[in-house]
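Asker: structural data only, the sequence is not supplied:
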């Protein structure tokens, strides 16, 4: 669990023990430094960070996969995308890059998106209407595309790289969200899970 007010993540270079990137997460914002280049330090204010997504791309060889690329992308309020990509080939740096990739996602959640989740959850509790990550939230339930689902009709099918929200019986009423391609898909998943848990508790107490 991340508890410090500042988290520093250092990413080693592919062929050496030198540090190729330094990410510093704090309550005021995020900075990205590339010590092995002449590029200036990139800074993003916390209040400008609006969305993120993450995933893994497989790198194919002639007959089989020869590597993977761990990706995190951050979106600011102006629509600018800030990518962080860690490429492992033939197993080199695979474990350390996976660990750093996971740490980056955890830090983004802790510093910039936990509060957004809490705000959206309070909006749900206050029965406000709002749009989030491609879903309309209403006091009665949710809408997406041409479908409307009441709270007691919603089910989630969760997988490693995506999840599906759907009607508990009519599976034609469904929408898929991919963590790598859809902004804030993971945050939407957590929000829907928490709402479902609360709805289940309310249903039990009513009975």
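Answerer: That came through, no problem. Only a predicted model underlies this, so the values are computations on that prediction, with no experimental measurement involved.
Asker: quickly find the element holding residue 190.
Answerer: Under the criterion of DSSP states H and E, residue 190 resides in helix 185-206.
Asker: buried sites along that helix?
Answerer: 185-192, 195-196, 199 (16 or more other C-beta atoms under 10 Å). From N, CA and C alone the C-beta is placed, and that goes for glycine too.
Asker: and the residue nearest to residue 12 when sequence neighbours are not counted, how far is that from residue 135?
Answerer: Leaving aside its chain neighbours, residue 12 sits nearest to residue 19 (6.1 Å; criterion: C-beta to C-beta, 6 or more residues apart in numbering). Taking C-beta to C-beta, to the nearest Å as the measure, residue 19 falls 40 Å from residue 135.
Asker: neighbour count: these two, which is higher?
Answerer: Neighbours were counted for residue 19 and for residue 135 using other C-beta atoms under 10 Å; residue 135 has more, 18 against 14.
Asker: what mean pLDDT would you report for the helix holding residue 190?
Answerer: For helix 185-206, mean pLDDT is 89.
Asker: if you count contacts, what does the least confident helix or strand in the chain by mean pLDDT end up packed against?
Answerer: Every helix and strand in the chain was compared by mean pLDDT, DSSP states H and E; the lowest is helix 185-206, with a mean of 89. Applying 3 or more C-beta pairs under 8 Å, 6 or more residues apart in numbering; DSSP states H and E, we find helix 185-206 packed against strand 49-60, helix 114-125, strand 154-158, strand 162-167, strand 174-178.
Asker: where does this structure have low pLDDT?
Answerer: Across the chain, the ranges flagged by pLDDT under 70 are 1-4, 61, 204-207.
Asker: how is the protein partitioned into domains?
Answerer: Domain assignment for the chain, taken from automatic domain parsing, gives 6-112, 127-206.
Asker: out of those domains, nearest to residue 118?
Answerer: In terms of C-beta to C-beta, the element of the domains of the chain nearest to residue 118 is domain 127-206, at 9.9 Å.
Asker: residues contacting residue 120?
Answerer: By C-beta atoms under 8 Å, 6 or more residues apart in numbering, the contact set of residue 120 is 130, 132, 137, 191.
Asker: in strands, which of these appear?
Answerer: Members of the contacts of residue 120 lying in strands (criterion: DSSP state E): 130, 132, 137.
Asker: thanks again, I'm all set now.
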